[in-house]
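K.L.:
need the 3D shape of this:
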Amino acid sequence: MASMADGWKLIRDYMDRLAFEGKKNAIYRGQANYEWEPIPSWFRGRWLGIGNQHRLDEWKWRAARFASPTPTDDIEWLVLAQHFGLPTTLLDWTTSPLIALFFACDDKAMVDQDGCVWITSINQFEKAHHTLTISPFAANRSKPFIINAVGKNVRSTAQDSMLTLHTENDINSYNRRRLFTVPASLKAVTLNQLEKVGIAGDRLLYDIGHLVETLKTEQLGRSLTLTLTDVPEPPTA
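P.N.:
Residues are numbered from 1 along each chain as shown. As a prediction, the model looks like this:
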């Protein structure tokens with residue numbers, strides 16, 4: 001069984017790797033399954049969500065009553081959809097390698113799978129300085145766009161988020177590689193140790209629903225502990 005010391009060791013090994021292979025202008029992506037390629041959710045085979053202008057216009061129409069503040073352009077509407085888990089042509093990255101490590105570990109459905117952290121460079125993308133002029137689904141770009149999502153919403157800000165915007169023609173057109181592997185057996189202890197340095201779901205996911213689930217899990221654990229300690233000792237002869 002993995003110990004807390006094993007979690008610290010993994011983090012140290014990761015930092016050692018960054019000392020040699022981390023680069024200026026690097027961005028990172030943590031994925032809870034080593035086998036997954038870094039591809040936007042719209043292109044992962046099911047074609048659900050928002051991948052064309054018609055789908056985006058439908059989202060804008062139906063989500064308008066919930067959006068506060070209201071997005072000012074198509075890209076901001078797409079970022080909002082991504083924020084709430086609707087598949088889009090955007091792909092999440094972060095400028096923080098520790099946040100990427102968190103996401104390589106934090107997926108209950110992938111607890112038995114090795115995770116990994118991917119690395120690429122901002123220079124692989126076209127910087128989207130003025131998103132108002134960008135057509136999200138135009139296929140004639142020389143390379144994908146990168147969008148600085150910090151300030152777009154509280155979760156993106158907490159995650160030091162960068163988003164890359166793709167078409168079907170460019171999802172594999174940039175250089176990226178797996179930087180580090182997280183064994184499945186070390187995910188839980190790594191998350192525990194990351195929390196001690198402020199890298200935790202309560203901050204990164206910044207969602208009251210996540211807080212409620214955390215409190216329920218903690219209270220259930222305390223309740224179970226109390227129940228077990230309240231069990232009377234069996235009578236002795």
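K.L.:
the spatially most central residue of the chain: what's it in contact with?
P.N.:
The chain has residue 103 as the residue nearest its centroid, 5.3 Å off, counting by CA atoms, centre = their mean. Going by CB atoms under 8 Å, 6 or more residues apart in numbering, residue 103 touches 29-32, 94. C-beta: built from backbone N, CA, C; applies to glycine.
K.L.:
please redo it, this time with the cut-off set to 7 Å
P.N.:
Contacts for residue 103 (CB atoms under 7 Å, 6 or more residues apart in numbering) come out as residue 30.
K.L.:
quick one: which helix or strand includes it?
P.N.:
helix 97-105 (DSSP states H and E).
K.L.:
picking up where we left off before, and the gap between the residue nearest to the centre of the chain and residue 160?
P.N.:
To residue 160, residue 103 is 12 Å away according to CB to CB, to the nearest Å.
K.L.:
list the buried residues of the helix or strand residue 8 falls within.
P.N.:
In this assignment (DSSP H and E), residue 8 forms part of helix 4-21. Buried residues in helix 4-21, defined by neighbour count with 16 or more other CB atoms under 10 Å: 6-7, 9-11, 14, 18.
K.L.:
before we move on, what about stretch 117-126?
P.N.:
In stretch 117-126, counting by 16+ other CB under 10 Å, buried: 117-120, 122, 124-125.
K.L.:
got the phi and psi for residue 176?
P.N.:
Phi and psi for residue 176, reported as degrees, to the nearest 10, are phi -150, psi 160.
K.L.:
OK, contacts around it?
P.N.:
Residue 176 makes contact with 38, 118-120 under the criterion CB under 7 Å, 6+ apart.
K.L.:
pLDDT-wise, which helix or strand of this structure ranks last?
P.N.:
The weakest-scoring helix or strand in the chain, judged by mean pLDDT, DSSP states H and E, is helix 208-229 (a mean of 67).
K.L.:
measure residue 131 to residue 79 for me?
P.N.:
Applying CB to CB, the value for residue 131 to residue 79 is 9 Å.
K.L.:
kindly report the same for residue 167.
P.N.:
Taking CB to CB, one finds residue 167 at 17 Å from residue 79.
K.L.:
more neighbours: the two, which one.
P.N.:
The neighbour comparison of residue 167 against residue 79 (other CB atoms under 10 Å) goes to residue 79, with 22 against 19.
K.L.:
once you drop chain neighbours, what's closest to the more buried one?
P.N.:
Excluding its sequence neighbours, the residue lying closest to residue 79 (CB to CB, 6 or more residues apart in numbering) is residue 152, at 5.1 Å.
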